[in-house]
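In: coords below, sequence missing:
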């Protein structure tokens, strides 16, 4: 198998690094094409040394990583304690990406995309600093440059303010922008984005809206539609609504029927009784199709299992929200465990402050989501 993953919870960074590098070397051998490392805050100060050791001993063609509040390794999730997680693959060409942002006259401008791409990429693995990297602006630029190219990854989550996150690309430490790897064409990459929600009620057409203020659904006040829907909900659904209501926007309006996975889901922030409107955390356009959603542990579990069922991979990267884990499911290792159970490939990842993943061939920044990249070796099997 051309992929390997290892996890160490040793509190001494040098010892933890030695353990994961040794395990990956034993399973995969030296000089993989890509190595990705994630460390928790107790090891964040040593991330540069961790990356240097990986470069010297494992000798990957390209290495990247970041510090995060919690990490994923194999079938485990280590939350809020010392851990180093390492993942590596041997599958073909890779190209480094280092992105920065500046203010332009019409909004943020993202710079640093490779001028001369050596190959047609299959996907972009991207790790970013949420305080300095404008994901939406980057996605708009990428859509013009590479329509349909999936971006999977997430925002580093080890810091609470600007300048505190640590990202690494080929041994170079940075605290802003984003680092990444273009992968392909020697590998097939399939993405799975589990938003952990299910729709309730029925879909409506937005007939009046102002930015993120949803005023009318199908010609009636949006708040009135919500109150009307609540009268038909079960007690469990009402409890889920009280814990946090969400709104899904249909991505592909050409579809006639909408089910789970057809929506980009965002949060409902509140209601305005005077206007009869609902305030959401994203822009809403007149003419869009929307439907209310709820999220709870059972729904999130069911959604991830359903989306991973029947999938196959040789390696996997998992980027899950820092609001999931024990906080959501009550038990440890949920997302990593489901991925291991359903797919069984060497896996690594981290708990992100915003997850990257495509829905309907368009890339988005998500929350409360598990975004998964499944890698399959595209090399032909040797003939007998």
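Out: Received, thanks. Just so it is clear, the structure is predicted and the values come from calculations on it, not from any experiment.

In: could you pull up the mean pLDDT of stretch 27-36?
Out: Looking at stretch 27-36 alone, the average pLDDT works out to 97.

In: and that stretch, end to end?
Out: Start-to-end span of stretch 27-36 (Cα to Cα, to the nearest Å) is 15 Å.

In: tell me the buried residues in that stretch?
Out: Burial within stretch 27-36, assessed by neighbour count using 16 or more other Cβ atoms under 10 Å, is assigned to 28, 32, 33, 34, 35, 36. Quick note: C-beta positions are derived from backbone N, CA and C, even for glycine.

In: what does stretch 238-246 rub up against?
Out: Contacts of stretch 238-246 with the rest of the structure, by Cβ atoms under 8 Å, 6 or more residues apart in numbering, involve 197, 200, 226, 230, 233, 265-268, 292-296, 299.

In: circling back: so which of the buried residues of stretch 27-36 are in helices?
Out: residue 28 (DSSP state H).

In: from the buried residues of stretch 27-36, which is closest to residue 371?
Out: Nearest to residue 371, judged by Cβ to Cβ, of the buried residues of stretch 27-36 is residue 36 at 14.3 Å.

In: which residues touch the closest one?
Out: 63, 64, 65, 86, 87, 88, 125, 181, 317, 348.

In: okay, and residue 363 sits in which element?
Out: Taking DSSP states H and E as the criterion, the element that holds residue 363 is strand 362-366.

In: what helices and strands are in contact with that strand?
Out: Helices and strands touching strand 362-366, as assessed by 3 or more Cβ pairs under 8 Å, 6 or more residues apart in numbering; DSSP states H and E, comprise helix 135-145, strand 355-359.

In: partners of it, with directions?
Out: Each strand paired with strand 362-366, and its direction, by DSSP bridges: strand 355-359 (antiparallel).

In: now do the partner strand against helix 135-145, angle only.
Out: 40 degrees (axes from the mean of the first three to the mean of the last three Cα atoms, to 10 degrees).

In: what's next to strand 355-359, contact-wise?
Out: Residues outside strand 355-359 that contact it (Cβ under 8 Å, 6+ apart) are 126, 128, 135, 150-155, 191-193, 251, 261, 263-264, 319-321, 363-367, 369-372.

In: now, these that are in strands?
Out: Secondary structure defined by DSSP state E assigns 126, 128, 151-155, 191-193, 263-264, 319-321, 363-366, 370-372 of the contacts of strand 355-359 to strands.

In: just the mean pLDDT for stretch 244-258, thanks.
Out: Mean predicted lDDT for stretch 244-258 stands at 84.

In: kindly report the same for stretch 199-212.
Out: Confidence over stretch 199-212, taken as the mean pLDDT, stands at 93.

In: do stretch 146-163 as well
Out: Model confidence over stretch 146-163 averages 94 on the pLDDT scale.

In: give the buried residues for that stretch.
Out: Buried residues in stretch 146-163 (16+ other Cβ under 10 Å): 146, 149, 150, 151, 152, 153, 154, 155, 156, 157, 158, 159.

In: what comes into contact with whatever helix or strand residue 21 lives in?
Out: Remark: residue 21 resides in helix 13-28, with elements defined by DSSP H and E. Counting by Cβ under 8 Å, 6+ apart, helix 13-28 makes contact with 1-10, 32, 35, 37, 39, 43, 46, 49-50, 53-54, 57-58, 82-86, 88-90, 346, all of which sit outside it.
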